[in-house]
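# quick one, structure for this:
(chains A and B)
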Number of protein chains: 2
Amino acid sequence: MNGAESLLGTLAEAGVEVCFTNPGTTELHLVGALESSPRMRGVLALFEGVATGAADGYARIAGKPAATLLHLGPGLGYGLANLHNSRRANSPVVSIVGDHPTYHQAYDPPLNSDIATLVGWLRGPVRRPEDAPGAGPDAASTLAAALEPPGRIATMIMPADVSWTEGGVIAAPVPPRTAPTVERNVVTEVADLLRRGEPTALVIGGPATREAGLCAASRIAVATGARVLVELYPSRVEHGAGLPSFPRLGFYPEQVLTQLGGVRHVVSVGTKAPVSFFAYPHQPSCLVPPDAASHVLAEVGQDAADALVQLADLVAPATPPAVAANRRPTLPSGPLTLENWPEVLGALLPERAIVIDETISSGAALAAATSGCPRHDVLLQCGGAMGEGLPLAVGAAIAAPDRPVVALEADGCAMYTISALWTQARERLNITNVILNNHSYAILREEWRHFDPLPSGTDPDRSTLLRLTDPQIDFVRLAEAYGVPASRATTAEELATQVADALARPGPHLIDAVVPALA
Amino acid sequence: MNGAESLLGTLAEAGVEVCFTNPGTTELHLVGALESSPRMRGVLALFEGVATGAADGYARIAGKPAATLLHLGPGLGYGLANLHNSRRANSPVVSIVGDHPTYHQAYDPPLNSDIATLVGWLRGPVRRPEDAPGAGPDAASTLAAALEPPGRIATMIMPADVSWTEGGVIAAPVPPRTAPTVERNVVTEVADLLRRGEPTALVIGGPATREAGLCAASRIAVATGARVLVELYPSRVEHGAGLPSFPRLGFYPEQVLTQLGGVRHVVSVGTKAPVSFFAYPHQPSCLVPPDAASHVLAEVGQDAADALVQLADLVAPATPPAVAANRRPTLPSGPLTLENWPEVLGALLPERAIVIDETISSGAALAAATSGCPRHDVLLQCGGAMGEGLPLAVGAAIAAPDRPVVALEADGCAMYTISALWTQARERLNITNVILNNHSYAILREEWRHFDPLPSGTDPDRSTLLRLTDPQIDFVRLAEAYGVPASRATTAEELATQVADALARPGPHLIDAVVPALA
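Residues are numbered from 1 along each chain as shown, chains lettered A, B, ... in the order given. Below is the predicted model of the structure:
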């Protein structure tokens, strides 16, 4: 058994089932090992950002890591943006990066670079086995490190000679730590705070946005009058009829300060205290109101859902949660608007759907339109690096082949990782991709108007650098080029027909939904 | 004047004319300054790798740097692979990366990251102005640093508040250093070596692969019998009728050792001593034969062309160079092969063309088929990070709007930066893109066969992870989706007609040339 086989064999033994890859020469023995392994599925991406975004989507739905396999420093470079998003989502990922043999690096061939420096940017642990017998144990340790709560990008740099040399061994799994529970006295302190009756907001995130946490938060809200807000970009929210639905924090500072207006206490649960996504002149970075105190019920990485349940049992022992009724919007008609396209989705969303939301400026009405739909999961892009939606859909669909995936993607975002469509077609994934196409970087026009002082150009609407109209991108042809059937919708009726069609047929589909830009 | 205006104004004052960008919120004041600047052309890319690859192509043809403007760490991440290629090409680039204000970073918002760590991977200098008055001087210093011989990636991290704050000043240009000339005694020592008459090879690269260096090298070869070889991936080679044409170093170790067989001295000129691109079991990394001595005429960053001229004047004072005759191949016919597609190019290549060669496994016959064409420049991808061809074409076409650009691009490579086609269409660039489409990662199949021991899969031809057939990518639709007229060629006649058509019409075109994979 060579080092490559021992690396992948150790991961497979410990339950890793998928490897998303865009490989090169230094990874060929790993490719061989992957192709001859019955227990690990190799999924080819044409671009590294697709592989890393897919690993994020996979981890969020499967609840365990996938591996990624990339080609030296430049390959990792192309994968970094979505690894950044994964890091912000606290998704566990086993990132394998091939490298030259150490003896070869001394000659600094063209592809040589300091891969560990790039890995350092991700703030996760890194290992580089020195020989074939070390590959298996390092793989086991890397997997355990990825699973370290709340979930990390753990990297293994694999020199090619370690891959091709015999002497590898399958290493025993290293038991991962589970998320620590919150200490009882912390819960009782927050309970005492809530009992004082001063205006209080709970900001929940991480593992607290799934059923157990949402229901506990709702019981607390009903019993104590506390407001509950969800962090701006949660990694996975359970949503729909029978579940509590809470507003997410706003994007702009003044929105959040309004949401938290009058509050005397802000309690963070599985997330950090609210912070402005970007900085703006004359606006604060920290969005806890100046006259409010900040508290922590559960740190990121602690068992936030359990903490909420403990808290609810103290302050709302007999209170049931307030949940959304089973109620869909009626199908709208007329030209597509930012209000009616979410209603089409809400009217048609199937049971157990996984919704990817990278709608950016086009999605404000989505949550309300889908709160009474059959229960579904919503995955958001957590790190602000645009272009994760289509890859997230790949990973989610591979993690849950029995569930329909609906990827809602802004046109500008889609351009960073568009070849994800090819992987969707190749793997026959049941994904309905809806491009919310306003032919612009509309969010940047919106941001431009938000500045005081304004940028020096006279008018964001005249900025040619924010406009994607010359030429217009034809998403129907793009999808067809990658083997994905596609159609265009300009009215609610067309969108409804096309979404229903796409959901009824196996494999991926794409709908180019032409929407107006945010006014 | 705000900091953003002073940054771009300082660069424009010093002669920087183009900024390739994919911006975000933290760069909006720079976007405003760019759009209101009459002296700097803003070129929008839909993906950062297009912007950075274009800056590389621009620098190689214009002989001076462009700026790039990217969005925080993740945006730089997407740009890194082609910055790596730029670094290996020794192209000067002024890389501007927007960032949060320093006061905002303390709150670690989602897009926060340690940008300087990523920059460190590029091994170039970095500056981060603390206030608006510092932006202009830092821009002047960054430009001078980029121009430091042989050319570097010099980075300026620009906090958003420095951009938006008034108080910026246009700074005076910092005079850059010119490439140092090689000391006379080094030249005379190599002259003495050549006069001894022992078998000697000159390996030339960097600035030595343009007319002056090529002609001097040829005179030396004719007069002394020395072999001349060009480095494996030179950044810019002048080629065609009236110029000497030398073989490039082979890709595989055994090829290079054959090329250098019997040689007692290897003299490097503007490049490093030959090194294997990848490591293979039982093969050496250093490709200077064991019984040959290694010498340096000109280090990377020295004036290698001048050194060759000095040397030629010593050892071949009256010898003219041996140059290629004006002679094109005749137009071939029949299904496209790896031998005949370059003949079509050779038959049709126009005067003063710029040829981008990222043909990977399909281009072995190109140099021979074009050596008698009208003089042209050839740009290769120097760093081994696949997917720079289409962006290089963007940059070259913007640097030389009066010259036809022919981008020869492997299908797998095209996938990393395919949205370069949109920028080509938007900027109406005269680029003939020819996709050498073998529906596979053929180079990896070739590499697979090269290993001993082989990877554990039984047969590279059966490897599904190296095959791009399911589904086949339709490059004609892809190009049309991005606004680029396109056609498909399966025979030499079709390719000839389509290349002639594309060259005759303004703006970009794409030809999907279906070729067999390397056997």
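# can the helix ranked longest in chain A be found next to chain B?
If you go by DSSP state H, chain A has its longest helix at helix A:72-89. Yes. Applying CB under 8 Å from any CB of the partner chain, one finds that helix A:72-89 is in contact with chain B at A:72-75, A:77-78, A:80-81, A:84-85, A:88. From N, CA and C alone the C-beta is placed, and that goes for glycine too.
# equivalent analysis for stretch A:281-298, please.
Yes. Using CB under 8 Å from any CB, stretch A:281-298 reaches chain B at A:281, A:285-286.
# buried subset of those residues?
Among the residues of stretch A:281-298 next to chain B, the ones that count as buried by 16 or more other CB atoms under 10 Å in any protein chain shown are A:Ser285.
# pick out the residue in the stretch 301-450 of chain A sitting closest to chain B.
Across the stretch 301-450 of chain A, the shortest distance to chain B (CB to the nearest CB) belongs to A:Ala385, at 3.5 Å.
# what secondary structure does that residue sit in?
Recorded secondary structure, A:Ala385: coil (DSSP: H, G, I helix; E, B strand; the rest coil).
# list phi and psi for it.
With angles defined as degrees, to the nearest 10, A:Ala385 sits at phi -90, psi 110.
# list the residues that contact A:Ala397.
By CB atoms under 8 Å, 6 or more residues apart in numbering or on different chains, the residues touching A:Ala397 are A:354, A:403, A:405, A:424, A:427, A:429-431.
# that one - nearest residue in space that isn't next to it in sequence?
A:Leu429 (3.8 Å; CB to CB, 6 or more residues apart in numbering or on different chains).
# check that neighbour and give its pLDDT.
Per-residue pLDDT puts A:Leu429 at 98.
# and it, what does it touch?
Neighbours of A:Leu429 in contact, by CB under 8 Å, 6+ apart: A:393-394, A:397-398, A:401, A:405, A:423, A:507-508.
# restrict the helix or strand encompassing A:Ala146 to CA atoms and write it as CSV.
Assigned by DSSP states H and E, A:Ala146 belongs to helix A:132-147. Output in CSV follows, covering the C-alpha atoms of helix A:132-147 (Å, rounded to 0.1, in the frame of the first residue of the first chain):
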residue,chain,number,x,y,z
ALA,A,132,4.6,6.9,3.6
PRO,A,133,4.1,5.3,7.1
GLY,A,134,3.3,8.8,8.3
ALA,A,135,0.5,9.5,5.8
GLY,A,136,-2.2,7.3,7.5
PRO,A,137,-1.7,8.7,11.0
ASP,A,138,-1.6,12.2,9.7
ALA,A,139,-4.8,11.6,7.8
ALA,A,140,-6.5,10.4,11.0
SER,A,141,-5.3,13.4,12.9
THR,A,142,-6.3,15.8,10.2
LEU,A,143,-9.8,14.4,10.2
ALA,A,144,-10.1,14.8,14.0
ALA,A,145,-8.8,18.3,13.7
ALA,A,146,-11.4,19.2,11.1
LEU,A,147,-14.1,17.9,13.5
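# tell me the mean pLDDT over stretch A:20-33?
97.
# and what of stretch A:482-498?
The model assigns stretch A:482-498 a mean pLDDT of 98.
# wait, what's in contact with the residue of the stretch 301-450 of chain A closest to chain B?
Contact partners of A:Ala385, counting by CB under 8 Å, 6+ apart, are A:81-82, A:84-85, B:74-75, B:77, B:111.
# noted, bye for now.
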